[in-house]
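> Provided below for reference: sequence and predicted model.
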Amino acid sequence: MAKQMQQTKTTRRRHSPEYRAEALGLADRVGVTDAAKQLGLHESQIYSWRAQARLRQDRGEAEHQMAVENARLKRQLAEQTEELAILKKAAAYFAKHQK
């Protein structure tokens, strides 16, 4: 006789970014194991959220550094464009008066 296995559907719970931030804060204060027990989560979930948060932070810092570098390069380009325009005017002036 074959036993019929009863299948239960489990749905994934989606946690808001605020909940995740609070969970990570609790984990920082009391430790990942205790935080996971208090919140009814798996420890691996908190570790995963922590890794994702660090990745977002690193990306944010990298984007900030790139924005600063872009601004510096734009200023440098504007200065060189202005210098080139002055040199072109000077060359035209001297070429005109050399004849």
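It's in.

> what pLDDT does R54 get?
In the prediction, the pLDDT value recorded for R54 is 89.

> if I look at it, how far off is A35?
Distance of R54 to A35, computed by CB to CB, to the nearest Å: 17 Å. (Glycine included, C-beta is placed from N, CA and C.)

> quick one: which of the two has more around it?
Between R54 and A35, counted using other CB atoms under 10 Å, the more crowded position is A35 (20 against 10).

> Determine the number of other residues adjacent to the closest residue to the more buried one other than its chain neighbours.
Closest residue to A35 in three dimensions, ignoring its sequence neighbours and counting by CB to CB, 6 or more residues apart in numbering: A27, at 4.0 Å. Other residues near A27 number 22, with proximity taken as other CB under 10 Å.

> Go ahead and confirm A27 touches Q45.
No - using CB atoms under 8 Å, A27 is not in contact with Q45, being 10.3 Å away.

> Regarding this protein, what is its longest helix?
When the chain is parsed with DSSP state H, its longest helix is helix 43-97.

> which helices and strands does it pack with?
helix 17-30, helix 32-39 (3 or more CB pairs under 8 Å, 6 or more residues apart in numbering; DSSP states H and E).

> Quick one: closest of those helices to A85.
Among the helices and strands packed on helix 43-97, helix 17-30 comes nearest to A85, with 49.4 Å by CB to CB.
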